[in-house]
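Undergrad: Give me the fold of what follows.
(one chain, ligands or ions: 1)
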Amino acid sequence: MLYPIFTETRGVLNLGGIWEFKLDDGRGLKDKWFEQKLTDTIPMAVPASFNDIGVSGEIKNHVGDVWYETEITIPKVYKNERLVLRIGAATHKASVYVDGVFVAEHKGGFLPFEVELSSDSEKAKRRITIVVNNIIDDSTLPVGVYEEEEVEGIGKVVRNMPNFDFFNYAGLQRPIKLYTTPRSYIKDIELVPQVTTDGGLLSYRVSTVLESVEEDYLVVAQLIDEEGKNVATGEGLQGEMSVSDLRRWEPLNAYLYTFKATIMKGEQLIDTYEEPIGFRSVEVRDGKFLINDKPFYFKGFGKHEDSPIAGRGFNEAVNVMDLRLMKWMGANSFRTAHYPYSEELMRLADREGIVVIDETPAVGVHLNFSAASGGFTKEDSTWSRIKTFDHHKDVLNDMIARDKNHACVVMWSVANEAATEEEGAYEYFKPLVELTRERDPQSRPVMIVTFIKSTPELDKIADLIDVLGFNRYYGWYENSGELDVAKVRLAAELAAWEKRCPGKPMMMTEYGADTIAGYHEIVPTMFTEEYQSDYLKINHEVFDQVPTFIGEHVWNFADFATSQNVRRVNGNKKGVFTRERKPKNAAHELRKRWTAIDDFY
Ligand code: GCB
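TA: From the prediction side, this is the model:
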């Protein structure tokens with residue numbers, strides 16, 4: 001799926017701005033609200049999560065449908081073009097209507113979808129209505145629990161509890177665009193760059209949709225360097241281009257070529273599209289994670305798309321600052337915990353040379369454990385009850401379709417903290433890991449991130465994956481306040497993993513301690529800045545002893561919003577930065593460590 005850009009043959013209109021917004025009282029679809037202009041609306045920013053900016057508990061905690069509406073005018077110049085409405089993300093389900101007519105629906109809150117609009121109508125104005133539903137249950141990703149209860153004196157109380165530890169922000173959270181292509185157009189581009197001993201080789205495949213017979217058209221491919229020089233040319237829908245004097249894409253030293261595909265009909269330009277592409281190799285070999293044939297050490301974070309006011313809403317300023325802060329610290333990578341992030345951020349990471357582990361929204365896929373409450377709640381087996389499998393396949397397909405060409409993406413994470421210790425996990429994940437490998441043209445490594453109960457003795461999925469990803473909180477949830485004991489326990493677990501999976505690279509995908517900025521104690525005590533720094537230190541002392549250890553991602557980059565529960569004091573405070581991006585002491589400590597560790601070892 002191609003990201004909408006301007007080219008000589010394509011236009012893009014950003015539909016961001018103020019939309020009409022309304023909570024559904026349960027009658028919206030029944031009463032066909034889409035047929036008329038919405039009434040009794042409030043203004044709503046798009047893109048943004050609606051929850052915090054509504055300034056009411058009713059809006060913040062609404063469960064069910066919300067309605068968005070805007071009116072657009074299609075410029076005359078686009079009259080003969082193919083018009084596509086593209087929704088960057090609608091969390092978690094959406095139905096789209098144009099002038100009251102249903103045109104599309106989509107499940108999954110963190111990946112784009114699009115629908116072609118008819119452009120033949122004389123009507124320049126169109127009314128776009130999008131109904132967004134935020135319910136999470138055992139068939140959605142992420143997973144949640146939906147509950148209704150009759151409470152005396154109140155009536156029906158509806159609860160929609162996340163089975164994960166971040167606020168269930170929702171709405172139209174990413175850019176919405178209207179873009180045009182010619183009637184014959186480039187539909188997709190698949191790029192496989194290879195780094196060779198004397199240069200680079202780019203395999204490409206262009207898919208097109210053509211109005212008349214194929215012989216009339218010629219597809220021309222060009223590879224252009226950062227100075228705008230054409231360095232290789234090809235013809236046809238697929239082919240290979242070799243590049244001499246190759247500039248590689250390196251972590252923190254990105255170099256991006258532009259792959260330009262053009263459809264010509266004789267002398268006539270039909271369509272053209274430009275895709276950035278970085279040349280780098282990725283491979284897991286001999287217990288190491290190799291980028292460009294050199295052993296890479298991941299230094300960075302599990303993140304969230306989260307900021308004050310906009311919630312999970314796309315925030316370009318925050319994205320720029322976050323990557324700058326990561327560079328300031330000597331970090332080189334992050335994991336898109338716990339859902340695919342915006343395409344704009346992925347493009348920025350390509351450009352900044354930040355390495356990304358791309359994760360699906362499969363979080364909370366565990367019916368006996370809730371990351372929100374920390375409790376083991378039920379006794380049923382997850383894998384005989386959960387209904388996420390088909391949707392899990394869909395999000396993997398769509399995530400890879402969207403992100404396959406990104407140089408920054410070096411590994412796929414199929415899930416976070418699923419019930420990988422339960423019987424049935426292997427059978428659930430085997431086809432998903434196979435699908436990931438089959439769909440990725442660049443054959444990147446695959447991981448499934450596990451939690452504390454997925455011990456070397458119980459874990460069922462380690463043999464399926466290339467890299468072991470551990471979320472472990474020794475010294476926080478385990479051995480709270482006992483950093484000396486925590487250190488011994490962590491070392492023992494890692495040693496047991498080395499025994500179970502000899503030679504398999506492992507990394508810490510999460511480790512962290514809740515820390516209230518400004519809390520201090522002479523004797524490091526939980527929740528103080530001193531404790532967070534010491535907690536990280538003992539973890540690092542253990543990591544540094546393990547030869548197959550390939551990286552450390554601290555949980556979390558910044559404090560973030562969660563649902564209310566007894567374990568969270570106004571959100572998760574494991575950030576190395578506050579939610580406003582002010583450094584805690586740990587940021588300075590990590591900076592010292594990471595600037596002293598090379599990206600390659
Ligand atoms: C985890 C989860 C993450 C939580 C974190 C915590 O293991 O993957 O989503 O926020 O623990 O802080 O408890």
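
Undergrad: Nearest to the middle of the chain, which residue? Look it up for me.
TA: Central residue of the chain (Cα atoms, centre = their mean): residue 340, 1.6 Å from the mean position.

Undergrad: Could you look up the SS state of the one residue in the chain that gets nearest to the ligand?
TA: Proximity of the chain to the ligand (Cβ to the nearest ligand atom) peaks at residue 165, 3.5 Å away. All C-beta spots, glycine's among them, are computed from the backbone N, C-alpha and C. In three-state terms, and counting by DSSP: H, G, I helix; E, B strand; the rest coil, residue 165 is coil.

Undergrad: correct me, but it touches residue 573?
TA: No: using Cβ atoms under 8 Å, residue 165 is not in contact with residue 573; the gap is 11.7 Å.

Undergrad: related to what we said a few turns ago, what's the separation between the residue nearest to the centre of the chain and residue 110?
TA: 5 Å (Cβ to Cβ, to the nearest Å).

Undergrad: Pull up the overlap in contacts between the two.
TA: Residues touching both residue 340 and residue 110 (Cβ atoms under 8 Å, 6 or more residues apart in numbering): 361, 395.

Undergrad: What are the phi and psi values at the residue lying farthest from the centre of the chain?
TA: Distance to the chain centre peaks in the chain at residue 153, reaching 42.5 Å (criterion: Cα atoms, centre = their mean). Dihedral angles phi and psi of residue 153 (degrees, to the nearest 10) take the values phi 90, psi -20.

Undergrad: got it, and residue 383?
TA: phi -80, psi -20.

Undergrad: So which bits of the stretch 201-350 of the chain are right by the ligand?
TA: Contacts of the stretch 201-350 of the chain with the ligand, taken as Cβ under 6 Å from any ligand atom, map to residue 338.

Undergrad: Now for the nearest residue to residue 246 once chain neighbours are set aside, how many residues are close by?
TA: Counting by Cβ to Cβ, 6 or more residues apart in numbering, residue 200 is the residue found nearest to residue 246 once chain neighbours are left out, at 3.9 Å. Residues near residue 200, counting by other Cβ atoms under 10 Å, number 24.

Undergrad: Residue 39 too?
TA: 8.

Undergrad: State the distance from the nearest residue to residue 462 once chain neighbours are set aside to residue 531.
TA: Of all residues not flanking residue 462 in the chain, residue 501 sits nearest, at 5.4 Å (Cβ to Cβ, 6+ apart). For residue 501, the distance to residue 531 (Cβ to Cβ) stands at 32 Å.

Undergrad: more neighbours, the two?
TA: Counted by other Cβ under 10 Å, residue 501 and residue 531 do not tie: residue 531 has more neighbours, with 25 against 18.

Undergrad: what's the distance between whichever helix in the chain runs longest and the middle of its chain?
TA: Counting residues, the longest helix found in the chain (DSSP state H) is helix 483-500. Chain-centre distance of helix 483-500: 30 Å, with Cα atoms, centre = their mean, to the nearest Å.

Undergrad: My guess is the residue nearest to residue 462 contacts residue 461. True?
TA: No: between residue 501 and residue 461 there is no contact under Cβ under 8 Å: 11.1 Å.

Undergrad: Quick one: residues contacting the residue farthest from the centre of the chain.
TA: No residues are in contact with residue 153 under the rule Cβ under 8 Å, 6+ apart.

Undergrad: same deal with the one 5 residues further on?
TA: Taking Cβ under 8 Å, 6+ apart as the criterion, residue 158 is in contact with 63, 64, 146, 147, 148.
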